[in-house]
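Enquirer: starting from these lines, generate the structure:
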Amino acid sequence: MANNLPTGLSHSMQQTCGTLPTNSMTHLLLGPLNHLNSVAQLLFQSLSPPHTKPPPPPAIAALANADAALAEAIQLAHIHQKKQQRIEALKAEVLSLEASWRTVMMQLEEGRRDLEAIISEGDVRLDAIEQAKAGTAVHGYLRS
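Expert: Purely as a prediction, here's the structure:
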């Protein structure tokens with residue numbers, strides 16, 4: 001997922017937050033939010049009544065960059081949510097297919113048992129027929 005970051009987002013996050021672990025959406029969203037928070041605090045400090053010399057206001061570009069990074073992070077979170085919903089749907093489908101597969105396997109096993117019983121019964125009948133033929137042949141030679 002870290003490899004799929006938009007260039008501006010990954011670059012702006014590295015500038016604002018150092019090297020964040022990019023393995024979770026929390027870190028991807030907190031970076032731009034923290035940067036926006038620090039720029040906003042600097043802006044409010046520069047606008048507050050001066051007890052001491054206030055810091056200079058942040059550049060408009062800093063606010064614009066923070067806004068752009070936040071917009072990119074939100075877009076990435078939206079894409080992530082769509083992919084997560086697809087994953088959840090696929091999980092549900094896999095579970096449904098697994099349940100169907102288990103049902104089919106149970107039906108096949110039941111069919112195998114029924115066939116074994118039929119084959120066993122057929123073998124018994126074939127043995128009886130063979131014995132009857134053998135008995136008839138023996139009785140046929142005795143009568144002559």
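Enquirer: and the spatially most central residue of the chain, which helix or strand is it part of?
Expert: The centroid of the chain falls nearest to I87 when counting by Cα atoms, centre = their mean (3.6 Å). Counting by DSSP states H and E, the element that carries I87 is helix 60-143.
Enquirer: kindly report the same for A40.
Expert: Here A40, judged by DSSP H and E, is contained in helix 25-47.
Enquirer: what is the burial count for E72?
Expert: Residues lying near E72 (other Cβ atoms under 10 Å) number 20. (C-beta placed from N, C-alpha, C; glycine too.)
Enquirer: one more: the one 10 residues further on?
Expert: Each residue near K82 was counted by other Cβ under 10 Å, and the total is 10.
Enquirer: so how far is A117 from it?
Expert: 53 Å (Cβ to Cβ, to the nearest Å).
Enquirer: do L29 as well
Expert: Counting by Cβ to Cβ - L29 and A117 are separated by 63 Å.
Enquirer: tell me which of the two has more neighbours.
Expert: Taking other Cβ under 10 Å, L29 and A117 do not tie; L29 has more neighbours (16 against 10).
Enquirer: right, and that one touches Q75 too?
Expert: No: in this structure, L29 is not within contact of Q75 by Cβ atoms under 8 Å, at 11.0 Å.
Enquirer: what's the neighbour count on L63?
Expert: For L63, the neighbour count with other Cβ under 10 Å is 16.
Enquirer: tell me the contacts of it?
Expert: Applying Cβ atoms under 8 Å, 6 or more residues apart in numbering, we find L63 in contact with V39, L43.
Enquirer: give me the pLDDT for it.
Expert: What the model reports as pLDDT for L63 is 86.
Enquirer: N37 versus that one, what's the distance?
Expert: To N37, L63 is 12 Å away according to Cβ to Cβ.
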